[in-house]
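>>> what's the 3D shape of this:
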Amino acid sequence: MSVELLEEERLDELHRNGYFIIQNPRKFCFGMDAVLLSGFAKVKRGETVLDLGTGTGIIPILLEAKTQGKHFTGLEIQQESADMARRSVAYNHLEDKITIEIGNIKDASEQFGASSFHVITTNPPYMTERHGLTNPNEAKAIARHEILCNLEDVIRESARLLKPQGRFYMVHRPFRLAEIMVLMHQYGLEPKRMQLVHPFVDKEPNMVLIEGLRGGNPRITVEKPLIVYKEQGVYTEEIYDIYGY
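Down below sits the predicted model:
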């Protein structure tokens, strides 16, 4: 399909089902964290999925390729990113399977209605306003820092949006793990599964993947660590498998 690429945009191959995605490297491109989340999340046949803060739509597109889910919705507050996501959906002929909506995560349960989805995924901003330097590029700043929503907004709205026994999947940073666990328990998203991601086997983790169950009983499984590189510039087999190479 012919799709219009705007100035400085590019079309990147996803190595899944022949799919591509439109990105603008001067604005914000998806990272490994989004790909790892798409491999960690479990979507069953016939389920509906909402991705909060979808950016250019990478997680819905990858989940559509990898799972038997019925329908995937991406919620994005930035018009420019949402437009790229919609054009990527159209390029891949996925209009019947993926919908991109514009809106604020803070108001997501009002926008979609309570108990509307079987699965929520999210790759939210990692940094609070107190963490590090805010990027002068507005699109990157919004994606990386809690400018328009914070961690509590994400978890609160996810709990409201999920059906009973619905599943919540998030990638975040380990330094906020205590806060994540407290908020998930507070809003009834019981942590059920967790995996730490290490850049190298001898380095401390720099990402955490976590699954929560709405209304679940207390019991969490900690999976074996996921190691990204076996040596400089060479991914482990687990990473190649998640990427689909």
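>>> need the contact list for the closest residue to R176 other than its chain neighbours.
Distances taken as C-beta to C-beta, 6 or more residues apart in numbering put L151 closest to R176, at 6.9 Å, once the chain neighbours are dropped. C-beta: built from backbone N, CA, C; applies to glycine. By C-beta atoms under 8 Å, 6 or more residues apart in numbering, the residues touching L151 are 124, 172, 176, 179-180, 183.
>>> quick one: which of these sit in helices?
Among the contacts of L151, the members found in helices (DSSP state H) are 179-180, 183.
>>> Can you say which of these are buried?
For these, a burial check counting by 16 or more other C-beta atoms under 10 Å picks out 180, 183.
>>> name the element I21 belongs to?
Assignment of secondary structure by DSSP states H and E places I21 within strand 20-23.
>>> Mind listing the strands that strand pairs with, and their directions?
Its sheet considered, strand 20-23 pairs with strand 10-13 (antiparallel) by DSSP bridges.
>>> can you list contacts of the strand it pairs with?
3, 5, 19-25, 29, 91.
>>> And those residues, which two are furthest apart?
Spatial extent of the contacts of strand 10-13 (C-beta to C-beta) is set by the pair Y19 and P25 at 18.8 Å.
>>> neighbour-wise, which of the two wins?
Applying other C-beta atoms under 10 Å to Y19 and P25 shows that Y19 carries more neighbours, namely 19 against 10.
>>> Excluding chain neighbours, what is closest to the more buried one?
N92 (4.8 Å).
>>> re earlier: are any of the contacts of strand 10-13 buried, and if so which?
Here, 16+ other C-beta under 10 Å leaves 19, 21-24, 29, 91 buried among the contacts of strand 10-13.
>>> Looking at pLDDT only, which of these scores worst?
pLDDT is lowest at C29 among the buried ones among the contacts of strand 10-13; the value there is 90.
>>> Give the bridge partners for the closest residue to it other than its chain neighbours, please.
Using C-beta to C-beta, 6+ apart and skipping the chain neighbours, the partner closest in space to C29 is Q23 (4.7 Å). Note on Q23: beta-bridge partners by DSSP bridges are R10.
>>> mind listing the helices for this protein?
In the chain, the helices defined using DSSP H lie at 32-40, 58-66, 79-91, 108-112, 138-144, 151-161, 177-186, 237-243.
>>> Present these as a markdown table; the columns should include distance to R219.
Shown next, in a markdown table, are the helices of the chain (distance: least, C-beta to C-beta, whole Å):
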| stretch | distance to R219 |
| --- | --- |
| helix 32-40 | 18 |
| helix 58-66 | 26 |
| helix 79-91 | 36 |
| helix 108-112 | 27 |
| helix 138-144 | 33 |
| helix 151-161 | 18 |
| helix 177-186 | 12 |
| helix 237-243 | 25 |
